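S.K.: sequence and predicted structure, then a few things I'm wondering about:
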Amino acid sequence: MASQPPFQTNFCSIFGSSFPKSTSDNSYTNTSTIQTAGLKLPVIDLSHLTSGEEVKRKRCVKQMVAAAKEWGFFQIVNHGIPRKVFEMMLVEEKKLFDRPFSSKVRESFSGLSKNSYRWGNPNASSPAQYSFSEAFHITLSEIPKLSEDGNNLRTTVETYAQEIARVAQLICEVLVKQVNVNSKYFENIYELKNSFLRLNKYHPRVFGSEVFGLVPHTDTSFLTILFQDQIGGLELKKNEQWISVKPCSEALTVNVGDMFQALSNGVYQSVRHRVISPVNMERLSIAFFVCPNLETEIEYFGYPKKYRRFSFREYKEQSERDVKETGDKVGLSRFLI
Ligand SMILES: O=C(O)CCC(=O)C(=O)O
Ligand SMILES: [Fe+2]
């Protein structure tokens with residue numbers, strides 16, 4: 001039984017046969033990716049935060065803050081998560097995606113919630129809004145409900161989430177101290193009940209031409225930490241150009257999300273990023289989104305304020321409405337004062 005979603009049929013049923021035929025056609029992705037020659041995504045050695053050497057710690061903090069302001073993205077190395085944790089998580093991720101498509105779209109399996117599984121983009125109003133990927137969302141509060149399934153799903157996800165949350169907390173603590181943010185915001189974040197993992201699987205291009213594995217977007221989170229395999233395809237937008245984020249087996253990719261941009265009054269950048277579909281192979285990644293509880297109010301305590309106060313629930317509901325109506329999230333610009 002096929003595990004791959006029927007992307008081609010689905011795409012054609014929404015958009016007809018309007019797909020570009022030539023392999024060099026990039027009219028949907030509008031790609032002109034530049035490689036990072038000269039422009040190097042900052043790499044931060046996280047061990048300097050905890051090594052006990054004050055000079056190194058201060059330099060590390062400075063680099064991280066500069067990266068969050070200028071790039072909204074950085075890579076971290078020496079984060080202390082054992083390689084085995086990623087390897088085991090990839091095995092479980094593969095097993096979930098390898099289930100027959102009909103089983104993945106069914107109500108629920110392995111203790112996953114019924115809306116955990118997503119694919120394509122049912123709300124796409126143009127081909128450029130269609131993502132050739134599938135994903136499972138697992139909220140941290142749902143992990144205890146996962147079944148072991150005769151395998152190690154629950155324990156593996158539990159270990160992964162604990163490790164990645166520890167790293168996320170370390171980074172949030174550094175970034176939050178450098179801007180005028182009331183630390184009460186982060187009290188409930190460290191409980192991490194509403195934070196979630198998103199397991200992504202990108203399929204090889206089905207039409208021969210370049211397509212999006214994931215359409216350009218910003219993350220709604222405070223912060224996102226991404227583990228990607230060695231295939232590549234992630235790109236971020238800087239100075240109106242798309243720049244590829246090269247996979248590095250030792251590194252995790254961190255990016256600022258919309259909530260941190262709002263809370264820092266626009267000092268930290270929630271940068272648009274996208275994934276270009278791989279050629280002739282599959283790609284896996286695991287994103288961890290640090291999110292507040294739904295009722296958390298997001299507000300910068302200083303003047304002048306860029307954004308009006310809003311709750312995380314309000315932001316999510318507005319984004320969901322926008323995606324339904326336009327196929328795309330409008331995002332923070334809706335909340336500008
Ligand atoms: O898979 C990737 O490289 C990026 C994933 C991503 O941006 C997301 O899940 O929001
Ligand atoms: Fe993202």
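M.R.: Yes, it's here. Ligands and ions are numbered 1, 2, ... in the order given.
S.K.: how about the residues of the protein by ligand 1?
M.R.: Within the chain, the positions lying close to ligand 1 (C-beta under 6 Å from any ligand atom) are 198, 200, 214, 219, 226, 228, 234, 273, 275, 285, 287. Just so you know, the C-beta spots here come from the backbone N, C-alpha and C atoms, and that holds for glycine as well.
S.K.: farthest pair within these?
M.R.: Within these, 219 and 228 form the most distant pair, 14.6 Å apart (C-beta to C-beta).
S.K.: longest single helix anywhere in the protein?
M.R.: helix 153-177 (DSSP state H).
S.K.: what packs against that helix?
M.R.: With contacts taken as 3 or more C-beta pairs under 8 Å, 6 or more residues apart in numbering; DSSP states H and E, helix 153-177 sits against helix 47-50, helix 54-70, helix 83-98, helix 184-187, strand 196-202, strand 223-228, strand 252-256, strand 283-290.
S.K.: thinking again about what came up before, closest to residue 95 among the residues of the chain next to ligand 1?
M.R.: Of all these, residue 95 sits closest to residue 200, with 15.1 Å by C-beta to C-beta.
S.K.: okay if I get the helices and strands packed on helix 153-177 as TSV plus mean neighbour count and mean pLDDT?
M.R.: Shown next, in TSV, are the helices and strands packed on helix 153-177 (neighbours: other C-beta atoms under 10 Å; pLDDT from 0 to 100):
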stretch	mean neighbour count	mean pLDDT
helix 47-50	16	94
helix 54-70	16	97
helix 83-98	16	96
helix 184-187	15	67
strand 196-202	23	98
strand 223-228	24	97
strand 252-256	25	98
strand 283-290	23	97
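S.K.: can you add distance to residue 137 and give the ones you listed back as CSV?
M.R.: Output for these, formatted as CSV (distance: least, C-beta to C-beta, whole Å):
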stretch, distance to residue 137
helix 47-50, 29
helix 54-70, 25
helix 83-98, 12
helix 184-187, 22
strand 196-202, 5
strand 223-228, 13
strand 252-256, 18
strand 283-290, 9
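S.K.: for residue 296, find the nearest of the ones you listed.
M.R.: Of all the helices and strands packed on helix 153-177, it is helix 184-187 that lies closest to residue 296, at 6.7 Å by C-beta to C-beta.
S.K.: how distant is the longest helix of the chain from the center of its chain?
M.R.: Helix 153-177 sits 14 Å away from the centroid of its parent chain (C-alpha atoms, centre = their mean, to the nearest Å).
S.K.: quick check: buried residues in the strand or helix carrying residue 213?
M.R.: Using DSSP states H and E, residue 213 maps to strand 212-217. Buried positions in strand 212-217, judged by neighbour count with 16 or more other C-beta atoms under 10 Å: 212, 213, 214, 215, 216, 217.
S.K.: looking at those residues, which is nearest ligand 1?
M.R.: Nearest to ligand 1 among the buried residues of strand 212-217, counting by C-beta to the nearest ligand atom, is residue 214 at 5.5 Å.
S.K.: how near is the closest one to residue 234?
M.R.: Note on residue 214: its distance to residue 234, by C-beta to C-beta, to the nearest Å, is 8 Å.
S.K.: common neighbours of the two, please.
M.R.: Common contacts of residue 214 and residue 234 (C-beta atoms under 8 Å, 6 or more residues apart in numbering): 274, 275.
S.K.: contacting residues around the closest residue to residue 178 other than its chain neighbours?
M.R.: What sits nearest to residue 178 in space, not counting adjacent residues and going by C-beta to C-beta, 6 or more residues apart in numbering, is residue 65, at 4.7 Å. Shown in contact with residue 65 (C-beta under 8 Å, 6+ apart): 174, 175, 178.
S.K.: most neighbours of all the residues you listed, which one?
M.R.: In terms of neighbours by other C-beta atoms under 10 Å, the contacts of residue 65 top out with residue 175 at 25 neighbours.
S.K.: who are the contact partners of that one?
M.R.: By C-beta under 8 Å, 6+ apart, the neighbours of residue 175 are 64, 65, 68, 223, 256, 260, 264, 268.
S.K.: quick one: the third one and residue 268 touch, right?
M.R.: Yes. Counting by C-beta atoms under 8 Å, a contact exists between residue 68 and residue 268, whose distance comes to 4.4 Å.
S.K.: overlap of the contact sets of these two?
M.R.: Counting by C-beta under 8 Å, 6+ apart, the residues touching both residue 68 and residue 268 are 175, 256, 260.
S.K.: on that earlier part again, measure the residue nearest to residue 178 to ligand 1 for me?
M.R.: Residue 65 sits 22 Å away from ligand 1 when distances are taken as C-beta to the nearest ligand atom, to the nearest Å.
S.K.: burial count for the closest residue to residue 147 other than its chain neighbours?
M.R.: When the adjacent residues along the chain are set aside, residue 147 lies closest to residue 111, with 4.3 Å between them (C-beta to C-beta, 6+ apart). Look at residue 111: counted by other C-beta under 10 Å, it has 17 neighbours.
S.K.: distance of residue 130 from residue 12?
M.R.: For residue 130 relative to residue 12 (C-beta to C-beta), the value is 11 Å.
S.K.: in terms of neighbours, single out the busier of those two.
M.R.: For residue 130 and residue 12, the more surrounded residue by other C-beta under 10 Å is residue 130, and the numbers stand at 24 against 14.
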